[in-house]
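> Turn this into a structure:
(chains A, B, C and D)
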4 protein chains.
Amino acid sequence: VTVSPFDSAIWGGLFAAPTALAPFSDAAEIAAMVEVERALARAQGRCGVIPADAAAAIDRGLRAATVAPEALAAGTAAAGVPVPALVTALRAHLPPEAGHWLHWGATSQDIADSGLALRLGRALADFAAELDGLIGALAAASARWADLPMAGRTRSQIAAPTTFGHRVARWAQPLLALQVELEALRPRVARVQFGGAVGINAAVAPHGPAVIAALAEELDLAPSPPWHTDRSGLAALVGWCAQLAASLGKMAGDLILMGRTEIAEAGAGAGGGSSTMPQKANPVAAETILALARLAACLAAPMHLAALQQEERDGAAWSLEWLVLPQGVAAAGACLRLAAGLVASLRPDAARMAAGLAAGGGVAMAEAVSFRLAASLPRPEAETLVKAAAQAAAAGSESFAEALDRLAPAAADWREALDPAASTAAARMAVRATFERSGKP
Amino acid sequence: VTVSPFDSAIWGGLFAAPTALAPFSDAAEIAAMVEVERALARAQGRCGVIPADAAAAIDRGLRAATVAPEALAAGTAAAGVPVPALVTALRAHLPPEAGHWLHWGATSQDIADSGLALRLGRALADFAAELDGLIGALAAASARWADLPMAGRTRSQIAAPTTFGHRVARWAQPLLALQVELEALRPRVARVQFGGAVGINAAVAPHGPAVIAALAEELDLAPSPPWHTDRSGLAALVGWCAQLAASLGKMAGDLILMGRTEIAEAGAGAGGGSSTMPQKANPVAAETILALARLAACLAAPMHLAALQQEERDGAAWSLEWLVLPQGVAAAGACLRLAAGLVASLRPDAARMAAGLAAGGGVAMAEAVSFRLAASLPRPEAETLVKAAAQAAAAGSESFAEALDRLAPAAADWREALDPAASTAAARMAVRATFERSGKP
Amino acid sequence: VTVSPFDSAIWGGLFAAPTALAPFSDAAEIAAMVEVERALARAQGRCGVIPADAAAAIDRGLRAATVAPEALAAGTAAAGVPVPALVTALRAHLPPEAGHWLHWGATSQDIADSGLALRLGRALADFAAELDGLIGALAAASARWADLPMAGRTRSQIAAPTTFGHRVARWAQPLLALQVELEALRPRVARVQFGGAVGINAAVAPHGPAVIAALAEELDLAPSPPWHTDRSGLAALVGWCAQLAASLGKMAGDLILMGRTEIAEAGAGAGGGSSTMPQKANPVAAETILALARLAACLAAPMHLAALQQEERDGAAWSLEWLVLPQGVAAAGACLRLAAGLVASLRPDAARMAAGLAAGGGVAMAEAVSFRLAASLPRPEAETLVKAAAQAAAAGSESFAEALDRLAPAAADWREALDPAASTAAARMAVRATFERSGKP
Amino acid sequence: VTVSPFDSAIWGGLFAAPTALAPFSDAAEIAAMVEVERALARAQGRCGVIPADAAAAIDRGLRAATVAPEALAAGTAAAGVPVPALVTALRAHLPPEAGHWLHWGATSQDIADSGLALRLGRALADFAAELDGLIGALAAASARWADLPMAGRTRSQIAAPTTFGHRVARWAQPLLALQVELEALRPRVARVQFGGAVGINAAVAPHGPAVIAALAEELDLAPSPPWHTDRSGLAALVGWCAQLAASLGKMAGDLILMGRTEIAEAGAGAGGGSSTMPQKANPVAAETILALARLAACLAAPMHLAALQQEERDGAAWSLEWLVLPQGVAAAGACLRLAAGLVASLRPDAARMAAGLAAGGGVAMAEAVSFRLAASLPRPEAETLVKAAAQAAAAGSESFAEALDRLAPAAADWREALDPAASTAAARMAVRATFERSGKP
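Numbers count the residues shown, from 1 in each chain, chains lettered A, B, ... in the order given. Have a look, this model is predicted:
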């Protein structure tokens, strides 16, 4: 069944990123929980909570243990969590005297959450690497095209000149902040969970803190007090995914606009074909990023709701996480993959960009002209004059330059201001400032 | 991969409802689109848009055509939609002179949306039947226990007596409205889509309206102008799913409270076990409904966003639907399945309900007593007196009745008012009024 | 304080629609509740639940009663609802023997919800009128410009010819469905609430049903069993608001694209100025609609959550409604107001639309040409040929027509297919079909 | 008008926190923008971008300038942003030669966003102080009641003993993480915005970077490249607000459960009265927190959407922020205020907590007993035995202890395990570990 395009054989090539999905297979889920049970035995053996030979027997006995997902189905439907059925299944792999000490003092959530932390920790490492690569590619692209003039647009109108490199730098800007945030986020997510029935580790008292520390070491996770009901780290992770997806969605949206037939200032990726219109080259990858970004944005809401736990553990809030978190991570991962493809294939078209700067009779230069005129006129007067010239140009009766000739005081030296290249140096500076502290070119 | 618990072999038994998932398999998606292509050929043959023998050849040639999902993966990733690849694959099943007329004048969205409408139409029929069954079961349960007294709670406090049957009737109340809404919704969802490239059927002009009508007949879908950009029906469907899930979530939340160890007024379903606490009987099904209801609520947002289309077709908004709609339907279906199980196994405990009515010294009767006292006292005075008695009872120093004895004027006849059974008739009346126009017992 | 732009003296002119906000002033809230208390007295007088002269005294005594919002502040903060403080304040307007019978058998929620229903009922009547006016204006506009050719765009690419009137008709299409839905919604929202403490009207037994019926008559609201915990009607209302806003947001998004400096195919409304760019004419109204539509979409989620009530009344879920519902209604109302302004000032530019049809060398005609070629070539061959011609045209080396001349078989008669006007009749038909059953021109 | 309860004279005492609302008054908005214009003049004077005497004249001339919100209404409705109208209004306060240099090289968004950053920076400082106080109060409460035994509940069932102090410590746990996150967030939010028309500061080239640095100093904001289109900081802020609200909502939900009439293990705050039930003491403050937490959770979604900007500035995405961000901040602030009141008035009831531990025949001890029995029995056997005893106790036929007596092997020493106090030391340890690195008691 494929209720989600992420999982579909038809759709997966579009929506799925293998690295971001890897943590969420049934097999990966089981494997991580087995890994946690083994590490727990080793940790408790080290702390003297269970006999050392039992610990060794568990560790060894489960090394190659495989449990089929289907074998956990009935138990999961009954208990609302696969751990009781998994523990029973794993005991069958062990001699009874070792099975006795398996899962000692743990509650289901300890195993499920530590397993999740393991899987997410690996996903975050992948994200960190992919994000760094993407930022590097954007930095290189923005440097390469720092001087390529194009019309900046604000509120959907042609505004004033910028360069393509500057627009690219702005795509990278939030990513730089998210890179820092990711580092802060990791220990909030990839952290050990061990609290026992109600979070005080009564069954292993007074060794709770020691077991937590040892288990964290065994799993290479950050140590943490039990977070059975503190889901802020997971909510922050989905928030980060939404921010990442929105940042890449901004780029995607720009590329869709730049790739419109009438604008055609830049292409990226391969265009998608139509079943009836032979000419179409649809911006499929960018559209997919946008869709994923909107999904990720909306997933932040239920993930925050899932943090509204009750008492010592909340089955309803907990299971909401499983319905939301994987999608959020998968969406962010897919955005990263698709964005990398777009950035690698950016194709700005200098001639079309020049045409954009000339659109509407060249009104992209209106601000520059008004500042130049303001050298000799009060600024409100300069603006009124430029506005009149721009309207004449937009109406098409004369060009912006001609209208200025007609309207401006003879002494005004505004002709140089009509050259968009005058803005290039400012754009280049702004590109440099964006990456200043990033270590990127 | 199992980014969604709906699709997981481990979790599916808990989260999935087979009927609600059936429409969303890769195979079902392909089968529906093939069904649409065949029906389109028949319809166009009838209208004289394509040759009758080509229509017959397409219909016959594709009757047994199967296309593997994997065969569409590359084409879908390229085009953002599987239809171009599917048309190519289907042409391979046909003689060239028939393949020529396949998909005539259709755009990808016509095929994908009509196929979706087919699949959703079937799901809605299932929903209608399941919902009717559930309402019937609730009507029967509310009639059965219409006279079983229990403490009503408002704002989490014991408020005044009601009966268990009345609470059950209130669970059914929104479902009755949703049943009516579902009928109105069906033709907005299960409707034909045929508009061609930009929605005006230029390629088959002037036969567009005739083809739409014929295709609707062939597919047993409602006729409709092209709805390429009118996604209000699908948004309304997900809204309906969210309303349904919330209505059942209300019941689930009540059952979780009623099943708390300290309250234990009613059970439902089989309790889930724990991996460490032998006594646990967790309300797994009810918790799952609650989680699904919160998910469904939050999915309404991106589905409304997906209606924010651009121009004649919007790839980003369209693909957002695929990420949201199936989950919404799956969640509603799973809630229906789980709720049916809970209602079928309702186990009220009359003794515990009586204990609830006696909790806090019997303050559930405070309102009734105050109205009785108001027969002889101004109402504010009556309320002040009852409040003092209730506080004494809550403090545990004396029972509510004793405190009233001490505080009330001798003449007041409030003792009868202390019998919760006095409210039973009112509750029974309210139960009846709830189902009055429903045709249920 | 102005936590919401709807309420701000600075921003209100942009975001607020007076009719949609009117129900939500403090004064309107109090007035509606007073109206309900008076009507309740009259209804209970008619049913013999309270003495007729007390009923008359309450009705008369509260006719001119005003209560300042500030006077309810402390009581509201204490009780979580203003009704207890309001009842106390109203008693001060009445002789004690009448005050005794005020609010008889009612719970706070009966008064607050019936008052809300009154206010919303009036807002829905306004919405119905405004929506009807808007649909009429769109119908007129689509008829007026049914034959004005423009390039249809799908997935952001120029696709095939349509007409401006057809695009306008598509804007109206979801509104026609929403008009029907609004009628079905009204009795689910504008309905009486009277259930007493726990919804069974025990305090007025056995007159509960009679009082409900009489109160509904007095207030001109639909009769209803108590809906203390059935919030599906309010959730459906916010869903409707979100659908409406999204439908208008679709139009707004199209107008923003059509108004881009480089496209300039249509204007609407007055453009907004900039503080530094004299030429700017920003599409402020359309942007505002889009922002409101996204807000309304996202408000659907918490409104569905608010339907997740507990037991006989849920203070947390209930107060969530107050934080969400008014915004949803206000957003829909503002969208209606702004949309009316845009539609009234639509300014298509036929010359720019013709330029759009010529963009990319005229590839808007590619589908039409491919169908024409398919008269003499197998369709896949026709499509391959047209694709090659379109790519040559996009590259700018020759026009689409020239490329076709070079590539097509001599016998092919595709020249007529290059005239976009050939699609006009199909577009006009599609316009007519859209409004067919609407009674609009 | 009061579309939001935050702004209402009736409701404000419940929903509003004065400190969190202060930034969002019309007056505060204008004052902050005036502050930015003055600081910009000073900064540009320092950098030699405008004449020093003009800078001084602007700074001095606007020191006492007040602009009425109403005076900006028409201009805001026209431009979609109040800055153009504000600049015009401020020029009227200045001699023409100073007015000429006002707002030099700035775009509206520079002024609006820097003003917002100023206001938010102050709100965040308030939040930091209030949060620190709340954590301190929770640390003190958890220390005070670290040894007060109560039944821990998981998945709504009585699970195993914990202490009230431990539950309180868990309330604080996410707040400790949020305190760290807040520090990281501040420079992402309280940062200067100065980019000019399209973000490259062309109008003041090559002084852009110097002006940014000087303006940051003047306003005591963090320096930053222009973030016209990088809204990740604001999205992160609303995410933080949602996390904070959810964390406090967890506490509120627990308090609602603990304050139920049948449980009554703890009170907090003053109970709210009812208009018809004299005994009611509704948990109004806790319910309000829960409602606000759900609102804040859902506001994260549109705030992430608002980060989906287009090109160099996006009017639709920008205005969405204004509709969302203030509410998010206001909700978090109100939660902090209400939570402080609840924590200050916590009233645990040791006797009722003991009753909770005894509920269901004392099954809270089942896990402890099973571990004790596991000293002499294989663990699965121990669990089976305990489960049977627990079921007997739940059925009420005998107590848990009696059932164990009957079922357990003679040699088993499980009686000590029936004392909940055995868990107290573990709970105390867990409390200490929670606050270990926080510097709180």
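> quick one: the strands in chain A?
A:149-154, A:157-163, A:266-267, A:347-348 (DSSP state E).
> Out of those, which gets nearest to chain B?
strand A:266-267 (15.1 Å; CB to the nearest CB). Quick note: C-beta positions are derived from backbone N, CA and C, even for glycine.
> Give me every residue in the stretch 251-400 of chain A lying close to chain C.
Residues of the stretch 251-400 of chain A that fall close to chain C, judged by CB under 8 Å from any CB of the partner chain: A:256-257, A:259-264, A:272, A:274, A:276-284, A:287, A:298, A:301, A:305, A:356, A:359-360, A:363, A:366-367, A:370, A:383-384, A:386-387, A:390-391, A:393-394.
> Any chance of a PyMOL selection covering the buried ones in those residues?
Selection of buried members from those for PyMOL, criterion 16 or more other CB atoms under 10 Å in any protein chain shown:
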select buried, chain A and resi 256+257+259+260+261+262+263+264+272+274+276+277+278+279+280+281+282+283+284+287+298+301+305+356+359+360+363+366+367+370+383+386+387+390+391+393+394
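> remind me which residues of chain A are low pLDDT?
Applying pLDDT under 70 to chain A picks out residues A:1, A:411-413, A:441.
> pull the longest helix from it.
Longest helix in chain A, counting residues (DSSP state H): helix A:108-144.
> anything in it sitting right up against chain B?
Yes - Helix A:108-144 comes into contact with chain B (CB under 8 Å from any CB), by way of A:Ser108, A:Ile111.
> For that helix, name the packing helices and strands.
In terms of contacts (3 or more CB pairs under 8 Å, 6 or more residues apart in numbering or on different chains; DSSP states H and E), helix A:108-144 is packed against helix A:18-21, helix A:26-47, helix A:83-91, helix A:164-189, helix A:208-219, helix A:232-258, helix A:315-344, helix A:424-435.
> what's the most buried one of those?
helix A:232-258 (a mean of 27; mean count of other CB atoms under 10 Å in any protein chain shown).
> any idea of the angle it forms with helix A:315-344?
Relative orientation of helix A:232-258 versus helix A:315-344 (axes from the mean of the first three to the mean of the last three CA atoms, to 10 degrees): 40 degrees.
> Alongside chain B, which residues does the stretch 51-200 of chain A contribute?
Residues of the stretch 51-200 of chain A lying near chain B (CB under 8 Å from any CB): A:68-70, A:72-74, A:76-84, A:87, A:103, A:105-108, A:111, A:196-197.
> What about those residues, which are in helices?
A:Ala73, A:Ala74, A:Thr76, A:Ala77, A:Ala78, A:Ala79, A:Val83, A:Pro84, A:Val87, A:Ser108, A:Ile111.
> ok, of these, which come out buried?
Among these, those classed as buried by neighbour count (16+ other CB under 10 Å) are A:Ala73, A:Thr76, A:Ala77, A:Ala78, A:Ala79, A:Val83, A:Pro84, A:Val87, A:Ser108, A:Ile111.
> quick check, nearest of the residues you listed to chain B?
A:Ala77 (3.4 Å).
> ok, now which ones touch that closest one?
By CB atoms under 8 Å, 6 or more residues apart in numbering or on different chains, the residues touching A:Ala77 are B:Gly13, B:Leu14, B:Val284.
> A:Val238 too?
Contacts of A:Val238 by CB under 8 Å, 6+ apart are A:Ala296, A:Leu299, A:Ala300, A:Met303, A:Val324, A:Leu325, A:Gly328, A:Val329.
> Show the contacting residues for the residue nearest to the spatial centre of chain A.
By CA atoms, centre = their mean, the mean C-alpha position of chain A lies nearest to A:Leu244, the distance being 3.0 Å. A:Leu244 makes contact with A:Phe127, A:Leu131, A:Leu175, A:Leu178, A:Ala296, A:Ala332, A:Cys335, A:Leu336, according to CB under 8 Å, 6+ apart.
> Those into a markdown table, with extra columns for distance to B:Ala401?
Below are the contacts of A:Leu244 laid out as a markdown table (distance: CB to CB, whole Å):
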| residue | distance to B:Ala401 |
| --- | --- |
| A:Phe127 | 66 |
| A:Leu131 | 69 |
| A:Leu175 | 70 |
| A:Leu178 | 65 |
| A:Ala296 | 59 |
| A:Ala332 | 62 |
| A:Cys335 | 66 |
| A:Leu336 | 69 |
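> next one: stretch A:264-271 to chain centre, how far?
22 Å (CA atoms, centre = their mean, to the nearest Å).
> swap in stretch A:363-379?
So, by CA atoms, centre = their mean, the centroid of stretch A:363-379 is 41 Å from its chain's centroid.
> That stretch and chain D, any residue contact?
Yes - residues of stretch A:363-379 are located near chain D by CB under 8 Å from any CB, namely A:Glu367, A:Ala368, A:Phe371, A:Ala374, A:Pro378, A:Arg379.
> what does stretch A:192-210 give?
Yes - Stretch A:192-210 reaches chain D (CB under 8 Å from any CB) through A:195-203, A:205-206, A:208-209.
> Straight-line length of that stretch, end to end?
The straight-line separation of the ends of stretch A:192-210 (CA to CA, to the nearest Å) is 12 Å.
> Out of the contacts of A:Ala77, which are close to chain A?
Among these, chain A is touched by B:Gly13, B:Leu14, B:Val284 when using CB under 8 Å from any CB.
> Against chain C, how distant is the last one?
This means B:Val284. 18 Å (CB to the nearest CB, to the nearest Å).
> Just give me the neighbour total for A:Ile289.
30 (other CB atoms under 10 Å in any protein chain shown).
> returning to what we had before: including distance to D:Lys440, could the helices and strands packed on helix A:108-144 go into TSV?
Formatted as TSV, the helices and strands packed on helix A:108-144 follow (distance: least, CB to CB, whole Å):
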stretch	distance to D:Lys440
helix A:18-21	38
helix A:26-47	28
helix A:83-91	34
helix A:164-189	19
helix A:208-219	18
helix A:232-258	18
helix A:315-344	26
helix A:424-435	40
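> Quick one: closest of those to B:Ala117.
Across these, B:Ala117 has its closest neighbour in helix A:315-344 (25.0 Å, CB to CB).
> okay, the angle between the closest one and helix A:164-189?
Using the same axes, to 10 degrees: helix A:315-344 against helix A:164-189 is 150 degrees.
> what's helix A:315-344 packed up against?
For helix A:315-344, where contacts count as 3+ CB pairs under 8 Å, 6+ apart, the packed elements are helix A:18-21, helix A:108-144, helix A:232-258, helix A:284-306, helix B:284-306, helix B:315-344.
> Save the ones you listed as a markdown table, and put in distance to A:Gly341 too.
Below are the helices and strands packed on helix A:315-344 laid out as a markdown table (distance: least, CB to CB, whole Å):
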| stretch | distance to A:Gly341 |
| --- | --- |
| helix A:18-21 | 14 |
| helix A:108-144 | 10 |
| helix A:232-258 | 11 |
| helix A:284-306 | 6 |
| helix B:284-306 | 24 |
| helix B:315-344 | 16 |
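> Before I go, just wanted to say thanks for your time.
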